[in-house]
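[1] sequence and computational prediction follow.
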Amino acid sequence: MTYREVARKLKSLGCVESPRTGGGSHRKWKNPSAGRASIVPDWGGNDLKLGTIRGVVRQLALDWDSFQSAGLGWALSSASYAWSALGP
């Protein structure tokens, strides 16, 4: 799972990314409802390790199952739109 995919899921769960103050390959995310924060590496198109992702989810006090299923609504709706655009 790439950083972009992780970021989409975190955003759909109510987390917010802190504004960047400089360069670097890591970004800070906050979970306002839990008052917790975590650093997420941004390796571009490279996949993040599963242990790293699970650690971020745990630090942000999110449920792993909720994280895994987050963002599926967008993917499903765009897939059904693509199929409907093809016509009968």
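    Received, thanks. Keep in mind the model is a prediction, meaning the values are calculated, not measured. Numbers count the residues shown, from 1 in each chain.
[2] can you report phi and psi for I39?
    Phi and psi for I39, reported as degrees, to the nearest 10, are phi -100, psi 130.
[3] ok, K28 next?
    Backbone torsions for K28, taken as degrees, to the nearest 10, come to phi -100, psi 130.
[4] which strand residues bridge it?
    Partner residues in beta bridges with K28, using DSSP bridges, are I39.
[5] list the residues that contact it.
    Contacts for K28 were tallied using Cβ atoms under 8 Å, 6 or more residues apart in numbering; they are 17-18, 37-40. Yep, even glycine has a C-beta here, placed from its N, CA and C like the rest.
[6] redo that, cut-off 10 Å
    Contacts for K28 (Cβ atoms under 10 Å, 6 or more residues apart in numbering) come out as 16-21, 37-40.
[7] need these in TSV (columns: distance to Q59, pLDDT and neighbour count).
    Output for those, formatted as TSV (distance: Cβ to Cβ, whole Å; pLDDT from 0 to 100; neighbours: other Cβ atoms under 10 Å):
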residue	distance to Q59	pLDDT	neighbour count
V16	15	96	13
E17	14	95	13
S18	14	93	11
P19	20	91	7
R20	19	85	11
T21	20	84	7
A37	7	96	15
S38	4	97	19
I39	9	96	15
V40	10	96	22
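[8] can you name the two of those that are farthest apart?
    Farthest-apart pair in the contacts of K28 is T21 and S38; separation 16.9 Å (Cβ to Cβ).
[9] spell out the secondary structure type for the spatially closest residue to D63 that is not a sequence neighbour.
    Leaving aside its sequence neighbours, D63 sits nearest to V57 (Cβ to Cβ, 6 or more residues apart in numbering; 8.0 Å). Three-state secondary structure (criterion: DSSP: H, G, I helix; E, B strand; the rest coil) places V57 in helix.
[10] identify the residues contacting stretch 4-21?
    Contacts of stretch 4-21 (Cβ under 10 Å, 6+ apart): 1-2, 26-34, 36-42, 44-45, 47-48, 52-53, 56-57, 60, 62-63, 66-75.
[11] filter those to the buried ones?
    With neighbours counted by 16 or more other Cβ atoms under 10 Å, the contacts of stretch 4-21 contain buried members at 27, 29-31, 38, 40-42, 48, 52-53, 56-57, 60, 62, 67, 70-71.
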